[in-house]
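K.L.:
curious how this folds, go ahead:
(one chain, ligands or ions: 2)
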Amino acid sequence: MARVVSLTQYLVEKQREKGLIPGELRLLLEVVARACKRISLSVSKGALAGMLGDAGTENVQGEVQKKLDVIANSTLLEANEWGGHLAAMASEEMDEPYTIPNRYPMGEFLLLFDPLDGSSNIDVNVSIGTIFSVLKLPEGISEPKIEHFLQPGARQLAAGYAVYGPSSQLVLTVGDGVASFTLDRETGSWSLTNPRMSIPAQTREYAINASNARHWYPPVRQYVDELLAGSTGSRGKDYNMRWVASMVADVHRIMTRGGIFMYPRDAREPDKPGKLRLMYEANPMAFLVEQAGGAATDGTTRILDIQPEKLHQRVAVFLGSKSEVDHVTALHHKAGAG
Ligand code: AHM
Ligand code: MG
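P.N.:
Ligands and ions are numbered 1, 2, ... in the order given. Just a heads-up that it's a prediction; the model follows:
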């Protein structure tokens, strides 16, 4: 039987043999993975443990929090605050960054996360997930503040997500390709099940919330019209559509078999650039997608090159198979030039 490689072994190899990550980062990623294991357990208990339903609170973006959103957030905070690897954490569910309490040593990394993405799917037993991103605290800073988090995604040292579906999977990059691990519920460990995920450049599958079609701007409208025209239109092939409404699940499908995922900005609220958040949704996903051979833009600019201005900043997202992302990005440039 083939030897099972654990997450720890995988990371030790990245640290020791390839010198790709410092030991402290490895330990931090193991703690994050442990927290995801706990969240996976809570998610799988569902109604049995009274985990479903609203928490009766709202987050900083005015969205109703689910009980599991709150539980996942505190699981990540509690797991990570004492290890000595972190300087601060930021979360979709918290207005301000969380600084490490004085009683614990302070480390050199910043951790950002969406503790439970896909809130609308929590109560209906559809896949949801955790998304995370790791940055380095700039040199010489002893009191981390929001401004220190505002680094372009290209500076991420690691990023990943855990998807809680029929099986729980952890998908991770430290800038040397993307590996995925499946949670073995019997041994409780994350076991390597795909050492190198790769997104096919070509695809016949797209994901967008089409109920917003009447609000789309012309390049998105034109692109989706081309896809809908299928083999009778300019693209010359038929496309299929999938929309789980959990970014983690939609991106996981694309990481596995290709496709394009879109959440564009639209005319409803012209000042609001899309729904998804740059720092803890778009950036980590863009890092993973690029590391798997795909592409990610906001329609015109590579997501990883965007200089963030706010911690909870929103951004339009086009990511996945390179040929499709390049095409829809070119349509945006053409429309802009016109
Ligand atoms: P959330 O972080 O509050 O769960 O919102 C993000 C989610 C994404 O997972 C998903 O892609 C999108 O919102 C779905 O949006 P919509 O409900 O418009 O289809
Ligand atoms: Mg989210």
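
K.L.:
for this structure, what lies in contact range of ligand 2?
P.N.:
114, 117 (CB under 5 Å from the ion). No exception for glycine: its C-beta is placed from N, CA and C like everyone else's.

K.L.:
swap the cut-off to 6 Å and go again
P.N.:
92, 114, 117, 281 (CB under 6 Å from the ion).

K.L.:
bridge partners for the second one, pull those for me.
P.N.:
Note on D114: beta-bridge partners I131, judged by DSSP bridges.

K.L.:
my read: it touches I131, true?
P.N.:
Yes: taking contacts as CB atoms under 8 Å, D114 lies within contact range of I131: 4.5 Å.

K.L.:
list residues touching both of the two?
P.N.:
Taking CB atoms under 8 Å, 6 or more residues apart in numbering as the criterion, D114 and I131 both touch 280-281.

K.L.:
now which of the residues of the chain next to ligand 2 would you call buried?
P.N.:
Buried subset of the residues of the chain next to ligand 2 (neighbour count, 16 or more other CB atoms under 10 Å): 92, 114, 117, 281.

K.L.:
residues contacting the residue nearest to K334 when sequence neighbours are not counted?
P.N.:
Closest residue in space to K334, ignoring its immediate chain neighbours: P219 at 7.5 Å, by CB to CB, 6 or more residues apart in numbering. Counting by CB under 8 Å, 6+ apart, P219 touches 299, 328, 331-332, 334-335.

K.L.:
and those residues, which of them are buried?
P.N.:
Of those, these count as buried by 16+ other CB under 10 Å: 299, 328, 331-332, 335.

K.L.:
G233 and Q222 touch, don't they?
P.N.:
No: in this structure G233 lies outside contact range of Q222 using CB under 8 Å: 10.8 Å.

K.L.:
one step back: which one of the buried ones among the contacts of P219 sits closest to ligand 2?
P.N.:
Among the buried ones among the contacts of P219, G299 lies closest to ligand 2 (CB to the ion), at 19.8 Å.

K.L.:
how far away is the closest one from N80?
P.N.:
G299 sits 34 Å away from N80, taking CB to CB, to the nearest Å as the criterion.

K.L.:
check G259 too.
P.N.:
Distance from G259 to N80, by CB to CB: 32 Å.

K.L.:
and the buried ones among the contacts of P219 as a markdown table, adding secondary structure, distance to ligand 1 and pLDDT?
P.N.:
Listed next are the buried ones among the contacts of P219 as a markdown table, based on DSSP: H, G, I helix; E, B strand; the rest coil; distance: CB to the nearest ligand atom, whole Å; pLDDT from 0 to 100:
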| residue | secondary structure | distance to ligand 1 | pLDDT |
| --- | --- | --- | --- |
| G299 | coil | 16 | 97 |
| V328 | helix | 17 | 98 |
| L331 | helix | 21 | 98 |
| H332 | helix | 20 | 97 |
| A335 | helix | 23 | 91 |
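
K.L.:
okay, the residue of the stretch 201-338 of the chain found nearest ligand 2: pLDDT?
P.N.:
Nearest to ligand 2, among the residues of the stretch 201-338 of the chain, is E281, at 5.3 Å (CB to the ion). With respect to pLDDT, E281 has a value of 98.
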